[in-house]
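S.K.: fold the following and give me the result.
(4 chains)
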There are 2 protein chains.
Amino acid sequence: MLMEAALTLVGRGRHFASLGIREITRQAEVVPTSFYRHFRSMDDLGLTLVDELGVVLRGMMRETRANVIHADKLMDESVAIFVNHVQSNRNFFTFMAQGLAGESQAIQQGIRNEMQFFARELANDLSNLGLLSHLSDGDLDMTSELVVRTVAFSLTDILSISAEDEEELTRIRRQTTRFLRMIFIGADHWQSG
Amino acid sequence: MLMEAALTLVGRGRHFASLGIREITRQAEVVPTSFYRHFRSMDDLGLTLVDELGVVLRGMMRETRANVIHADKLMDESVAIFVNHVQSNRNFFTFMAQGLAGESQAIQQGIRNEMQFFARELANDLSNLGLLSHLSDGDLDMTSELVVRTVAFSLTDILSISAEDEEELTRIRRQTTRFLRMIFIGADHWQSG
DNA sequence: ACAACTTGTGAACGACTGTACACACAAGCT
DNA sequence: AGCTTGTGTGTACAGTCGTTCACAAGTTGT
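M.R.: Presented below is the predicted three-dimensional model:
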């Protein structure tokens, strides 16, 4: 599979923007010409990857919703689930991190959209859980956006360490949780308008 | 100048990881072989760019310190100065955003270090201004780190819009300020330990 | 059974790549 | 004056790149 091959190379440290058609088909053990059977260009491949990334993110959302029932452990558990998903889809998330400042505007916009969708869903869930109910819709959206960005930045932390470094991983988990806690305290004391 | 040429290409939408030696020397109007007179490799060039980025960031810090005297306008002014610096060093900051998830670990680490340095300086300044004085050193560091990350993420927002879109720029400025305000409120009500 | 479609193959092209080498010119030092 | 050092030049080579084309094998619908 070509997408898989691209992700493998990305996971091996290469940047998506520096990959070539021949390189990917070589990794996929297929002749270069075959590339065009599936994608018009690299950008095309990238956009398809963004679509699949959306699927991964939605899966993560679903799992989070299913497992976070008590508001008191909300953050610890959400962060843990996030970290686990990054670990088991490392290449996908590496692609996401790269794409945020990548060279294709289309891919960039696609990833940005996924994040915004995620933030809106988060705002919805918070609202349904009765959390931060004193916030206006706009302020709740803003808070969710800030949360998503903070977690997304932690993504780059996770990706910068070796996948087996459990010690560092724990540090990142704790730091991210503290970030989120601080944001929620801020949101708690925020006065809309 | 080779560094300038690389930044020009980056500013033109290319990703640093996808640039070639010949491409850069062509942009610099110099013969390919000349590249090796100044840099051993692309990574070498990138690391030198990170050093120069440090200079830019320090300049920004200095200007912020000089202009932010009243704590009440601290955030609005700091954000405004940041946005201005991004606008007038757009290519440099694009390189920075790319490098955070780039393909050279050395460059990645270099930029990460710059950000950490920035965060520590910010913690220092906050301490000197007598702000958030109820926080422990560790918690003040954490807060600064969160602030720097939030601003860094806004960087990608700025870079994703056209340089002349004043309307969107104002939106980003306001959003970033609100993010920071929320973080500071959270820090205000944070109880260390 | 036959046609239409999908996916993969192999050869070929012209352009571009990184890097090596020998050489030229200028500046600074002694 | 002669020597070293730094920078830029021109040529060259072997390898890679994206893309084209005509062709084969397998699957599907009728």
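
S.K.: count of residues packed around residue A:130?
M.R.: By the criterion of other Cβ atoms under 10 Å in any protein chain shown, residue A:130 has 8 neighbours. C-betas here are computed from N, CA, C, even on glycine.

S.K.: which SS class is it?
M.R.: Taken by DSSP: H, G, I helix; E, B strand; the rest coil, the conformation at residue A:130 corresponds to coil.

S.K.: and it, how far from residue B:33?
M.R.: 68 Å (Cβ to Cβ, to the nearest Å).

S.K.: residue A:114 too?
M.R.: 44 Å.

S.K.: more neighbours: which of the two?
M.R.: Legend: neighbour count by other Cβ under 10 Å for residue A:114 and residue B:33, higher for residue A:114 (20 against 9).

S.K.: for the more buried one, give me its contacts.
M.R.: Each residue near residue A:114 by Cβ atoms under 8 Å, 6 or more residues apart in numbering or on different chains is listed here: A:50, A:53, A:54, A:57, A:96.

S.K.: kindly list the main-chain dihedrals of the first one?
M.R.: Main-chain torsions, residue A:50, degrees, to the nearest 10: phi -60, psi -40.

S.K.: tell me the pLDDT of the nearest residue to it once chain neighbours are set aside.
M.R.: Distances taken as Cβ to Cβ, 6 or more residues apart in numbering or on different chains put residue A:110 closest to residue A:50, at 3.8 Å, once the chain neighbours are dropped. pLDDT recorded at residue A:110 is 98.

S.K.: verify the contact between residue A:110 and residue A:47 for me.
M.R.: Yes: with contact defined as Cβ atoms under 8 Å, residue A:110 counts as touching residue A:47 (6.1 Å).

S.K.: between the two, who's got more neighbours?
M.R.: residue A:110 (20 against 16).

S.K.: for the record, mean pLDDT for stretch A:50-59?
M.R.: Mean per-residue pLDDT for stretch A:50-59: 97.

S.K.: could you pick out the residues of chain A near DNA strand C for me?
M.R.: Residues of chain A that fall close to DNA strand C, judged by Cβ under 7 Å from any atom of the strand: A:30, A:31, A:32, A:33, A:34, A:37, A:38.

S.K.: among the residues you listed, which ones lie close to DNA strand D?
M.R.: Checking the residues of chain A next to DNA strand C against DNA strand D (Cβ under 7 Å from any atom of the strand), the matches are A:32, A:33.

S.K.: check chain A for the residue nearest chain B and tell me.
M.R.: Residue of chain A nearest chain B, by Cβ to the nearest Cβ: residue A:186 (3.0 Å).

S.K.: tell me the contacts of residue A:82?
M.R.: Residue A:82 neighbours (Cβ under 8 Å, 6+ apart): A:60, A:64, A:151, A:154, A:176.

S.K.: which residues are in contact with the first one?
M.R.: Contacts here follow Cβ under 8 Å, 6+ apart; on that basis residue A:60 touches A:81, A:82, A:85.

S.K.: swap the cut-off to 10 Å and go again
M.R.: A:78, A:81, A:82, A:84, A:85, A:86, A:89, A:118 (Cβ atoms under 10 Å, 6 or more residues apart in numbering or on different chains).

S.K.: on that earlier part again, which of the residues of chain A next to DNA strand C ranks first by neighbour count?
M.R.: Neighbour tally across the residues of chain A next to DNA strand C (other Cβ under 10 Å): the maximum, 16 neighbours, falls on residue A:30.

S.K.: so for it, what's the pLDDT?
M.R.: We have a pLDDT of 97 for residue A:30.

S.K.: hang on, isn't it packed against residue A:24?
M.R.: Yes: when contacts are counted by Cβ atoms under 10 Å, residue A:30 is listed as touching residue A:24 (8.8 Å).

S.K.: between those two, what contacts are shared?
M.R.: A:2, A:5.

S.K.: need the contact list for the residue lying closest to residue A:182 once chain neighbours are set aside.
M.R.: Nearest residue to residue A:182 in three dimensions, chain neighbours excluded: residue B:186, at 4.0 Å (Cβ to Cβ, 6+ apart). Going by Cβ under 10 Å, 6+ apart, residue B:186 touches A:179-190, B:143, B:146.

S.K.: helices of chain A, start to end?
M.R.: For chain A, the helices defined by DSSP state H cover A:2-11, A:21-27, A:35-38, A:42-67, A:74-88, A:90-99, A:105-128, A:137-160, A:166-188.

S.K.: find the closest residue to DNA strand D in chain A.
M.R.: In chain A, no residue comes nearer to DNA strand D than residue A:20, which is 2.6 Å away by Cβ to the nearest atom of the strand.

S.K.: can you report phi and psi for that residue?
M.R.: phi -120, psi 160.

S.K.: can you count the residues close to it?
M.R.: Residue A:20 - counted by other Cβ under 10 Å - has 13 other residues nearby.

S.K.: and it, how far from residue A:29?
M.R.: Taken as Cβ to Cβ, the span from residue A:20 to residue A:29 is 16 Å.

S.K.: where does chain A come near DNA strand D, residue by residue?
M.R.: Residues of chain A lying close to DNA strand D by Cβ under 7 Å from any atom of the strand are A:20, A:21, A:22, A:23, A:26, A:32, A:33, A:35, A:36, A:41.

S.K.: re earlier: which of the contacts of residue A:114 has the most neighbours?
M.R.: Among the contacts of residue A:114, the one with the most neighbours (other Cβ under 10 Å) is residue A:96, at 26 neighbours.

S.K.: any idea how many residues pack against residue A:106?
M.R.: With other Cβ under 10 Å as criterion, residue A:106 counts 14.

S.K.: sorry, back to before: compare the contacts of residue A:60 and tell me which is most surrounded.
M.R.: Neighbour max across the contacts of residue A:60 (other Cβ under 10 Å) = residue A:86, 25 neighbours.
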